[in-house]
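Q: Okay, predicted coordinates and the sequence, questions at the end:
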Amino acid sequence: MLVDAHCHINYYKENIELALSDIKKNNIFAVWNSVDIEDYKQMPDIIKNVDYILPGFGIHPNRAHDFIDKIEIVKETMKNCLFFGEIGLDYFFVRDEWKYPLQKQVIEIFLEAACDQKKIINLHIRNAYNEIMGLIDSYSVTKVIMHGYDGPKEYLNQYIDRGYRFTIGATILEEYKERIPQWKEMLNHAKEIPAELLLVETDGPPDINVMPSERLQTIIEELARLRRTTPLEIRNLTRVNFLNMIKNDDRFTKYTQVLSEK
């Protein structure tokens with residue numbers, strides 16, 4: 001079984017049924033992150049015929065300012081979801097500095113809930129590496145997935161020491177070499193992350209005609225090359241790593257069974 005630890009299935013738009021069929025056909029366990037309330041609300045109907053898509057509720061940092069006056073709705077929506085994602089801080093792509101305190105307000109609500117409800121968080125972090133670490137520590141959140149980490153090695157090492165997991169995605173591919181200034185650093189991160197903390201992700205398709213299995217397999221093959229191992233080893237390793245995150249939590253019983261089947 002393939003595990004896609006961070007995806008957005010709705011990004012397939014008019015090809016979403018093809019993507020769902022591909023997920024079923026190729027036994028992909030997909031961790032679907034939402035970016036706002038409406039995104040999350042559409043999930044149950046879309047995934048009702050697929051047993052191994054794990055839906056999560058989050059407010060993406062670039063949307064956080066839109067939900068400051070809807071905090072009670074956010075808190076209510078949090079109660080029944082299985083994990084929190086995609087959440088975070090983004091001081092790079094979000095250029096308006098007045099939005100930064102609002103991002104912090106929103107993520108603190110999620111972190112407090114994650115602590116109380118013992119939930120996994122799936123984090124988007126850009127240029128806020130030290131700040132997010134302090135916030136997570138203050139709320140004693142332990143189950144953390146770092147989505148597409150692109151920051152300095154010094155923070156990578158501190159996150160590793162805390163046992164955070166890391167999703168490696170398409171940004172390790174050659175096609176991103178000229179598009180990401182820190183591309184070589186991201187390759188080094190992909191090589192150095194301890195095996196027991198490693199996950200893979202598609203995030204979103206580069207093209208709605210590129211199905212999840214094709215994108216995921218391309219990423220896995222390149223990651224295997226970088227780490228001098230085999231694609232099969234990466235597949236098995238990342239499945240076990242995600243299984244280990246959820247296997248002792250009764251809320252994930254259905255998903256634990258699926259991942260245990262290999």
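A: Arrived safely. Residues are numbered from 1 along each chain as shown.

Q: Off-centre distance for the helix or strand containing Ile23?
A: Using DSSP states H and E, Ile23 sits in helix 16-25. The chain centre lies 20 Å from the centre of helix 16-25; the measure is C-alpha atoms, centre = their mean, to the nearest Å.

Q: same for it, what does it pack against?
A: Judged by 3 or more C-beta pairs under 8 Å, 6 or more residues apart in numbering; DSSP states H and E, helix 16-25 is in contact with helix 43-47, helix 212-226. Glycine gets a C-beta too; all of them are placed from N, C-alpha and C.

Q: Need the residues that contact that helix.
A: 9-10, 12, 28, 30, 46-47, 49-50, 52-53, 205, 211-213 (C-beta atoms under 8 Å, 6 or more residues apart in numbering).

Q: Buried members of the residues you listed into ChimeraX, please.
A: Remark: buried members of the contacts of helix 16-25, expressed as a ChimeraX selection using 16 or more other C-beta atoms under 10 Å:
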select :9,10,12,28,30,46,47,52,53,205,211,212,213
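
Q: Widest-spaced pair of the contacts of helix 16-25?
A: Largest separation among the contacts of helix 16-25 by C-beta to C-beta: Asn49 and Pro205, giving 20.4 Å.

Q: Tell me the predicted confidence for the residue nearest to Asp22 when sequence neighbours are not counted.
A: Closest residue to Asp22 apart from its sequence neighbours, by C-beta to C-beta, 6 or more residues apart in numbering: Met211 at 4.1 Å. For Met211, the model assigns a pLDDT of 97.

Q: on that earlier part again, relative to Glu108, which of the contacts of helix 16-25 is nearest.
A: Distances from Glu108 to those, taken by C-beta to C-beta, are shortest for Asn10, at 26.8 Å.
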